[in-house]
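Undergrad: Make a model of this:
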Amino acid sequence: MMATTAHTTSDPAAGKGLRTGALSMTTSLILSVASAAPAYSLAATLAFIVAYVGFQAPVIVLLAFVPILFVSFGYAALNRRDPDCGTIFTWAGRVLGPRAGFMAGWAVITSFVLVMASLAQVAGQYVFLLCGADGIGSDPSSPWVLLVGLGWMALMTAVCLRGIEVAAAVQRALLVLEFVMLVVFSAVALVRVWTGNAPAGARQPGLSWMNPFEISSPSAFVSGLVLMLFIYWGWETAVTVNEETTDRHRTPGRAAVWSTIVLLTLYLLATVATLAFAGTGTTGIGLGNPDNFGDVFSAIGQAVFGAGAVGTLLWHLLVLMVLSSAAASTETTVLTLGRTLLAMGRQGAVPRPFARIHPRYASPHVATLAIGVSGALCYIVMNVLADGLVIGDAVSSCGLMIAFYYGLTGLTAAWAHRDRWRHGAADLWLRIALPAVGGVVLLAAGLWSLVNDWDPANSSTSFTLPFPPHWHIGGVFLIGAGTLAAGWLLMLGYARLAPGYFRGGPRRAQVASHPEASDRA
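TA: This next block holds a predicted model:
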């Protein structure tokens, strides 16, 4: 009887009101892969990576995977120890202190809210492209694109409000289309290259593409690597819904690790196929053509599939693939942040109403609505500023926040398990050494990008100080550094208004009182 009571009171999901045991390993894996939005991420970023590293893009895909995999080991280890939907907010708060936890939670929330504007914009554009209204679809700042994008955002927020099962069912349908079309596109492109039916500029894949020493400069290498890290972003969603997963100590971590491997396979296939078919030329469908930078697939899709009836159908499905990818990632963004805010509200790091759970759908409805509204307002404001160019800079600035909270997760895992190195090689490498290495690499990448983003040449927008020394600062730096600075000021102010969470003692003691959690199952 005593053991049963202890288990019940320590069940975090039961205490929060979430629906326990609703997600299987397969569903958790789907959520993680869909959250990374493979089709959208490749369409929007691959050409920029190629601009830096050329035909060495495949090796960048592989090398960027390494620190991501190492940090995923840290997520899995921390989840075994303490399965909480607040993830790094909760873990850093309990292991490193409440201020580290708050800033980690702030970085998670702001990075996802900022990218929601881009996701909604892409979804809005592709609706019009799919319907043949290319004039509207090619104008990202169009008020019609804005209206449809807001509609998609509202729809995905409503799906998340209906509970985890409905959200997971929608994700399964969206990911099937995305996965199948990426594989079909890659297969057709490679077959056409190998049979000599590709356009001028195509090149057959070679082992030299996997040689990082052929990249022109260290700066180009790091720039390409940082961009590729952004493409992997989102795989940790399985851990965010850990309290609603079967075997919450093990399944979410396994799903997160496996999702990084699935993404690596998909990205390598699509990158090699796209690069081989389109080449790096600066005209036509070449990936070096600036007109193709923002949308690789729509630029070369018709060339890959041809102009016949079947080709036209496949091209429209390719457009639908990017649309569904953006929609799926929007949904998982709202899903993830709703649970992050729930954990923050329950622990008192933000106002308590964010911890409320809908009595019927078992979803954090207040937090979910707050995220949907925040994303919509952010999209509207950024769409007006500088003809929408701010959205691109906001997405680029997310790299700093991603590097910060991924890196912090790796270091938190290593510090939390620092006494377990004597327990065996698995504990030493998977819970301490590799997460620490991944964390340091990602933090270093974030610092490098911060320095690089100061240069206005690396941004679409810029700002000049109206007083001496009249610095001319890139918009990416201003948004990234300004967002983290705003979070620090907000933390200081809220610590005065509601100091309970920031005292931090009970939360660290909670983990210490359950040392067996790290060895469960």
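Undergrad: need the strands for the chain, in chain order.
TA: 462-464, 472-474 (DSSP state E).
Undergrad: so what strands line up beside the first one?
TA: Taking DSSP bridges as the criterion, strand 462-464 sits next to strand 472-474 (antiparallel) in its sheet.
Undergrad: separation between residue 130 and residue 356?
TA: According to C-beta to C-beta, to the nearest Å, residue 130 stands 38 Å off from residue 356. For every residue, glycine as well, the C-beta is placed using N, CA and C.
Undergrad: quick one: contacts for residue 392?
TA: 118, 460 (C-beta atoms under 8 Å, 6 or more residues apart in numbering).
Undergrad: Quick check: pLDDT value at it.
TA: If you check residue 392, the pLDDT there is 86.
Undergrad: Equivalent analysis for residue 389, please.
TA: For residue 389, pLDDT reads 83.
Undergrad: Then residue 258?
TA: 96.
Undergrad: what about it, neighbour count?
TA: 18 (other C-beta atoms under 10 Å).
Undergrad: how far away is residue 278 from residue 463?
TA: In terms of C-beta to C-beta, residue 278 sits 35 Å off from residue 463.
Undergrad: quick one: low-confidence ranges for the stretch 1-150 of the chain?
TA: For the stretch 1-150 of the chain, applying pLDDT under 70 flags the ranges 1-15.
Undergrad: All the helices of it, residue numbers only.
TA: With helices called from DSSP state H, counting those that start in this stretch, the stretch 1-150 of the chain shows them at 2-9, 12-16, 25-35, 38-53, 57-81, 88-95, 98-130, 134-137, 143-161.
Undergrad: circling back to that earlier point, more neighbours, residue 278 and residue 463?
TA: Using other C-beta under 10 Å as the criterion, residue 278 and residue 463 rank with residue 278 on top: 30 against 14.
Undergrad: Show the contacting residues for the more buried one.
TA: Contacts of residue 278 (C-beta under 8 Å, 6+ apart): 201-202, 285-287, 292, 296, 299-300, 303.
Undergrad: Can I get those in CSV including neighbour count and distance to residue 114?
TA: Conversion of the contacts of residue 278 to CSV gives the following (neighbours: other C-beta atoms under 10 Å; distance: C-beta to C-beta, whole Å):
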residue, neighbour count, distance to residue 114
201, 17, 35
202, 21, 36
285, 24, 31
286, 21, 30
287, 27, 26
292, 24, 24
296, 24, 22
299, 20, 25
300, 23, 28
303, 19, 33
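Undergrad: Closest one to residue 173 out of those residues, please.
TA: residue 296 (24.2 Å; C-beta to C-beta).
Undergrad: Now do the closest one against residue 338, distance only.
TA: For residue 296, the distance to residue 338 - C-beta to C-beta - is 31 Å.
Undergrad: Same check on residue 464?
TA: Taking C-beta to C-beta, one finds residue 464 at 39 Å from residue 338.
Undergrad: Looking at those two, which is more packed in?
TA: For residue 464 versus residue 338, the count of surrounding residues by other C-beta under 10 Å is larger for residue 338: 27 against 9.
Undergrad: Excluding chain neighbours, what is closest to that one?
TA: Nearest residue to residue 338 in three dimensions, chain neighbours excluded: residue 368, at 3.9 Å (C-beta to C-beta, 6 or more residues apart in numbering).
Undergrad: ditto for residue 473
TA: Nearest one to residue 473, counting by C-beta to C-beta, 6+ apart, is residue 463 at 5.3 Å.
Undergrad: One more: residue 42?
TA: Using C-beta to C-beta, 6+ apart, the nearest residue to residue 42 is residue 270, at 5.6 Å.
Undergrad: In contact with that neighbour, which residues?
TA: Here residue 270 is in contact with 38, 42, 46, 182, 185-186 (criterion: C-beta under 8 Å, 6+ apart).
Undergrad: Save the residues you listed as TSV, and put in neighbour count and distance to residue 318 too.
TA: Output for the contacts of residue 270, formatted as TSV (neighbours: other C-beta under 10 Å; distance: C-beta to C-beta, whole Å):
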residue	neighbour count	distance to residue 318
38	25	13
42	23	12
46	26	14
182	23	9
185	26	6
186	21	11
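Undergrad: got the buried residues for stretch 383-390?
TA: Residues 383, 386, 388-390 are the ones in stretch 383-390 that count as buried (16 or more other C-beta atoms under 10 Å).
Undergrad: How about stretch 233-250?
TA: Here stretch 233-250 shows 233-245, 248-250 as buried, counting by 16+ other C-beta under 10 Å.
Undergrad: Over to stretch 154-167?
TA: 155-157, 159-164, 167.
Undergrad: Please apply the same query to stretch 195-213.
TA: Going by 16+ other C-beta under 10 Å, stretch 195-213 has these buried residues: 198-199, 201-202, 205, 209-210.
Undergrad: what do you get for stretch 288-301?
TA: The neighbour-count check on stretch 288-301 (16+ other C-beta under 10 Å) flags 288-289, 292-301 as buried.
Undergrad: ok, now stretch 141-152?
TA: 141-142, 144-146, 148-150, 152.
Undergrad: any idea how far the nearest residue to residue 37 once chain neighbours are set aside is from residue 153?
TA: Residue nearest to residue 37 in three dimensions, not counting chain neighbours: residue 329, with 3.5 Å by C-beta to C-beta, 6+ apart. Going from residue 329 to residue 153 by C-beta to C-beta gives 12 Å.
Undergrad: In terms of neighbours, single out the busier of the two.
TA: residue 329 (32 against 27).
Undergrad: ok, the more buried one - contacts?
TA: 34-37, 40, 119, 234.
Undergrad: before we move on, what about residue 446?
TA: Residue 446 neighbours (C-beta under 8 Å, 6+ apart): 399-400, 402-404, 407.
Undergrad: Repeat the analysis, applying 10 Å as the threshold.
TA: 226, 229, 399-407, 480 (C-beta atoms under 10 Å, 6 or more residues apart in numbering).
Undergrad: for residue 308, same thing?
TA: Neighbours of residue 308 in contact, by C-beta under 10 Å, 6+ apart: residue 314.
Undergrad: Provide a list of residues in contact with the nearest residue to residue 413 once chain neighbours are set aside.
TA: Setting aside the residues directly before and after it, residue 413 is nearest to residue 74 in space (C-beta to C-beta, 6+ apart), at 3.2 Å. By C-beta under 10 Å, 6+ apart, residue 74 lies in contact with 88, 91, 253, 256, 406-414, 416-417, 430-432, 434-436, 438-439.
Undergrad: that older thread, now render the buried residues of stretch 288-301 as TSV, adding pLDDT and distance to residue 172.
TA: TSV is the format used below for the buried residues of stretch 288-301 (pLDDT from 0 to 100; distance: C-beta to C-beta, whole Å):
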residue	pLDDT	distance to residue 172
288	91	37
289	90	36
292	85	31
293	82	32
294	75	29
295	81	26
296	89	26
297	89	22
298	82	25
299	84	29
300	92	28
301	91	25
